[in-house]
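1. coords please:
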Amino acid sequence: MSRVGKHPVAIPDGTEVRYEGAVLSATGKLGELSFPVSEELVEVRLDDGRITVRPRDESKQSRAMWGTTRALAQNIVTGVSQGFARNLEITGVGYRAEVRDRVLVLSLGYSHPVEFPIPEGIEIVCQRPTAISVSGADRQRVGQVAAEIRAWRKPEPYKGKGVRYEGEYVFRKEGKKK
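-> Reported below is the predicted structural model:
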């Protein structure tokens, strides 16, 4: 039994959810998101401010898609009403970031600054030169953009320099001994 799938998704005020033609879509203050639903595997119902997902049969694939569909529904409803954010920290002497004209400019110890164009639907803010906040309505895209920024200079285990997620633990190694 799916522990995730059996809980209904609450639809907050100011959010409109539609289910038509095997596509579940939500519209809210932060935009519109949608995803295709596998109708042959799961059944989706909209009733009194809730989205309920049930498996069509007891097959393994149907039961797997039950929890997945419910989680995706929760993500689009939360995304259009509240949004998602990932925070990154930059550690290292001379490492910094700034936003210029929809381009994130990173100084990460290379001979040149790294210019990362900010995709549509994503907002990037640098509160400090060593703190980056990636936010948007689509949870997958926010996480993907944060991962792409982190990939430019992953934290290394000896001095801990690099770009890391906020609160990420970097396993530190002991250096050479004489």
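
2. what about stretch 55-72, average pLDDT?
-> Averaging pLDDT along stretch 55-72 yields 87.

3. from the middle of its chain, how far away would that stretch be?
-> 22 Å (Cα atoms, centre = their mean, to the nearest Å).

4. try stretch 85-100
-> So, by Cα atoms, centre = their mean, the centroid of stretch 85-100 is 18 Å from its chain's centroid.

5. Also stretch 168-178?
-> Distance of stretch 168-178 from its chain centroid, counting by Cα atoms, centre = their mean, is 30 Å.

6. Likewise for stretch 129-147?
-> In terms of Cα atoms, centre = their mean, the centre of stretch 129-147 is found 7 Å from the chain centre.

7. what does it contact?
-> Residues outside stretch 129-147 that contact it (Cβ atoms under 8 Å, 6 or more residues apart in numbering) are 30-31, 33, 75, 78-80, 83-91, 95-98, 104, 118-119, 121-127, 149, 163, 165. Where C-beta positions appear, they are placed from N, C-alpha and C, glycine not excepted.

8. Okay, and which of those map to strands?
-> 31, 33, 84-91, 96-98, 104, 122-127, 163, 165 (DSSP state E).

9. Narrow these to just the buried residues.
-> Using 16 or more other Cβ atoms under 10 Å as the burial test, the ones in strands among the contacts of stretch 129-147 include 33, 84, 86, 88-91, 96-97, 104, 122, 124, 126, 163 as buried.

10. got those residues as TSV, with distance to residue 136 columns?
-> Formatted as TSV, these follow (distance: Cβ to Cβ, whole Å):
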residue	distance to residue 136
33	10
84	7
86	10
88	14
89	19
90	20
91	25
96	23
97	18
104	14
122	4
124	9
126	16
163	18
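
11. So which of those residues is the closest to residue 63?
-> residue 33 (25.0 Å; Cβ to Cβ).

12. So what pairs up with that closest one in the strands?
-> Beta-bridge pairing for residue 33 (DSSP bridges): residue 26.

13. For it, give me its contacts.
-> Counting by Cβ under 8 Å, 6+ apart, residue 33 touches 25, 26, 76, 79, 80, 137, 138.

14. which ones are touching the first one?
-> I take that to be residue 25. Residues in contact with residue 25 (Cβ under 8 Å, 6+ apart) are 17, 18, 19, 32, 33, 34, 76.

15. Compare the residues you listed and tell me which is most surrounded.
-> Counting neighbours by other Cβ atoms under 10 Å, residue 76 leads the contacts of residue 25 with 25 neighbours.

16. Grab the nearest non-local neighbour of that residue.
-> Counting by Cβ to Cβ, 6 or more residues apart in numbering, the nearest residue to residue 76 once its immediate chain neighbours are dropped is residue 33, at 4.1 Å.

17. Spell out which residues make up each domain of this protein.
-> For the chain, the structural domains run 9-81, 84-165, going by automatic domain parsing.
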